[in-house]
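Enquirer: what's the 3D shape of this:
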Amino acid sequence: MQKIIYTIQELDEVSAKILDQACSKILCFYGEMGAGKTTLIKALVRYLDGGNQANSPTFGIVNEYQSRNGDLLGYHFDFYRLDSEEEALDLGLEDYFSQDVWIFIEWPEKIGAQLPENCTRISLEILDPVTRQIHLSQPD
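Expert: Model (predicted):
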């Protein structure tokens with residue numbers, strides 16, 4: 001498990017580290033409300049040449065992102081409002097996971113049994129109002 005401490009000014013460097021160390025394109029973000037999950041995903045999308053299009057899909061559950069040249073970059077899921085894993089399956093979750101694109105998942109604990117084994121787990125912790133700590137872990 002890798003530990004990274006950062007501030008918002010260091011998001012580009014943190015994004016590079018995360019993407020370099022990810023074991024797959026499926027990134028699961030754990031952390032309490034306000035820990036910075038969406039902010040970090042926005043930085044990752046920007047770093048992957050997706051511009052500033054990223055925002056939280058809380059009400060729509062999933063957002064689709066394209067790179068600046070129009071290619072499909074990936075999907076951003078926010079399962080906070082999900083009541084059951086079946087709701088995620090009804091969205092066609094398995095079809096999303098089968099694509100070779102980036103998948104960013106907020107509140108992955110809501111779909112625990114549906115997560116692929118090879119996802120990279122990113123746990124965010126608030127250290128103070130401007131500093132966060134990430135625990136980056138890969139499957140065993």
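
Enquirer: quick one: average confidence on the lengthiest strand in the chain?
Expert: As assigned by DSSP state E, the longest strand anywhere in the chain is strand 120-128. Here strand 120-128 scores 96 as its mean pLDDT.

Enquirer: What strands line up against the helix or strand following that strand, and which way round?
Expert: Counting by DSSP states H and E, the next helix or strand C-terminal to strand 120-128 is strand 131-137. If you go by DSSP bridges, strand 131-137 pairs up with strand 2-7 (antiparallel), strand 120-128 (antiparallel).

Enquirer: Is the closest residue to residue 138 other than its chain neighbours in a helix, a strand, or coil?
Expert: Sequence neighbours aside, residue 23 is the residue nearest to residue 138 in space, at 4.5 Å (criterion: Cβ to Cβ, 6 or more residues apart in numbering). From N, CA and C alone the C-beta is placed, and that goes for glycine too. Put simply, residue 23 is coil when judged by DSSP: H, G, I helix; E, B strand; the rest coil.

Enquirer: need the contact list for residue 23.
Expert: Contacts for residue 23 (Cβ atoms under 8 Å, 6 or more residues apart in numbering) come out as 118-120, 138-139.

Enquirer: can you do 10 Å?
Expert: Counting by Cβ atoms under 10 Å, 6 or more residues apart in numbering, residue 23 touches 118-121, 136-139.
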